[in-house]
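In: Need coordinates for the below:
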Amino acid sequence: MIKLSRYVLYDILRSRIIIAYTLFLLIVSCSMFQMEENSSKALLSLLNIVLIVLPLVSLVFTTIHYYNSYEFIELMSSQPMSRTRILMSEYTGVSIALLSAFFIGVGIPVLIYMPDETGFALLFAGAALTLVFTSLAFFASVRARDKARGIGFALLLWFYFALIYDGLVLLILFSFSDYPLEKLTLVLSALNPIDLGRIFIILKMDISALMGYTGALYKDFFGSGTGVLFTGGIMLVWIVVPLWLAVKKFKHKDL
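Out: The predicted structure follows:
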């Protein structure tokens, strides 16, 4: 598995796309810290990149890579090698490549300009979202045999988590505004990894007071060790479950 993952990783790292992605993140991150005198404002601007661009790139890049490697996957499947090992090797190689791009492009500037609790929270959330949406991309790719349908399904997932879900949550909160919904919003945030990452990072900044009573509730919860374990545990579930479903489907799929 290690040798196969290494081959996949080397193949990806030779791609101009992953190099361009790394340079894009590095240039944007350095530019934001250079333009803003207040590092917290720069980090808040960088938060939008992490929450929007990272999931999108992880989904699209992983999906395209899977379909471009389909002949290689078929070849490996004809060898005395389990399908679980093949798919996990692909996932490991893609994940390491995307994480490397993120830590070089965003991690280095953050460690230089803002090496504090908020900066590390941003790095944790970015790494977790990269792994989550890589898992979702493999799930979408394995389920759809056609490349266009697979990419379309992946984009639909991003559109749902990045845009539609927030609208649905606001509709629920508005419809039941007469009831105490603080704990419900905590549960709803766990159903969207992007929202969970956003709340986790924002509450590390000194702007949670703008969120009112709900912000105080979130601050008490996410600011504690239990909140960190909760965030890490939910992110782990979002990583493992789609990947497990993808492996389960792939093992019985007719290639």
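In: all contacts plus neighbour counts: C-alpha atoms, from now on.
Out: Noted.
In: for the protein, what helix or strand is lowest in average pLDDT?
Out: helix 212-222 (a mean of 55; mean pLDDT, DSSP states H and E).
In: list the buried ones in the very next helix or strand once past that one?
Out: Note on helix 212-222: by DSSP states H and E, the next helix or strand toward the C-terminus is helix 225-251. Neighbour-count burial for helix 225-251 flags 227, 231-232, 234-235, 238-240, 242-247, 250 (criterion: 16 or more other C-alpha atoms under 10 Å).
In: And these, which is closest to Q79?
Out: F250 (15.6 Å; C-alpha to C-alpha).
In: Quick test: name the residue nearest the centre of this protein.
Out: L129 (1.8 Å; C-alpha atoms, centre = their mean).
In: can you pull the alpha-carbon coordinates of stretch 71-90 into PDB?
Out: The C-alpha coordinates for stretch 71-90 follow below in PDB (Å, rounded to 0.1, in the frame of the first residue of the first chain):
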ATOM      1  CA  GLU A  71      -7.200   2.700 -16.500                       C
ATOM      2  CA  PHE A  72      -4.400   2.400 -13.900                       C
ATOM      3  CA  ILE A  73      -7.000   1.400 -11.200                       C
ATOM      4  CA  GLU A  74      -8.300  -1.300 -13.600                       C
ATOM      5  CA  LEU A  75      -4.800  -2.500 -14.100                       C
ATOM      6  CA  MET A  76      -4.100  -2.700 -10.400                       C
ATOM      7  CA  SER A  77      -7.500  -4.500  -9.900                       C
ATOM      8  CA  SER A  78      -6.300  -7.300 -12.300                       C
ATOM      9  CA  GLN A  79      -3.300  -7.900 -10.000                       C
ATOM     10  CA  PRO A  80      -3.400 -10.000  -6.800                       C
ATOM     11  CA  MET A  81      -4.200  -6.900  -4.800                       C
ATOM     12  CA  SER A  82      -7.400  -6.100  -2.800                       C
ATOM     13  CA  ARG A  83      -9.600  -3.300  -4.000                       C
ATOM     14  CA  THR A  84      -9.700  -1.800  -0.600                       C
ATOM     15  CA  ARG A  85      -5.900  -1.400  -0.700                       C
ATOM     16  CA  ILE A  86      -6.100   0.200  -4.200                       C
ATOM     17  CA  LEU A  87      -8.700   2.800  -3.300                       C
ATOM     18  CA  MET A  88      -7.000   3.600   0.100                       C
ATOM     19  CA  SER A  89      -3.700   4.100  -1.700                       C
ATOM     20  CA  GLU A  90      -5.300   6.500  -4.100                       C
END
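In: So which bits of it are buried?
Out: So for stretch 71-90, counting by 16+ other C-alpha under 10 Å, buried means 73, 76-77, 83-90.
In: Right, I'll call it a day here.
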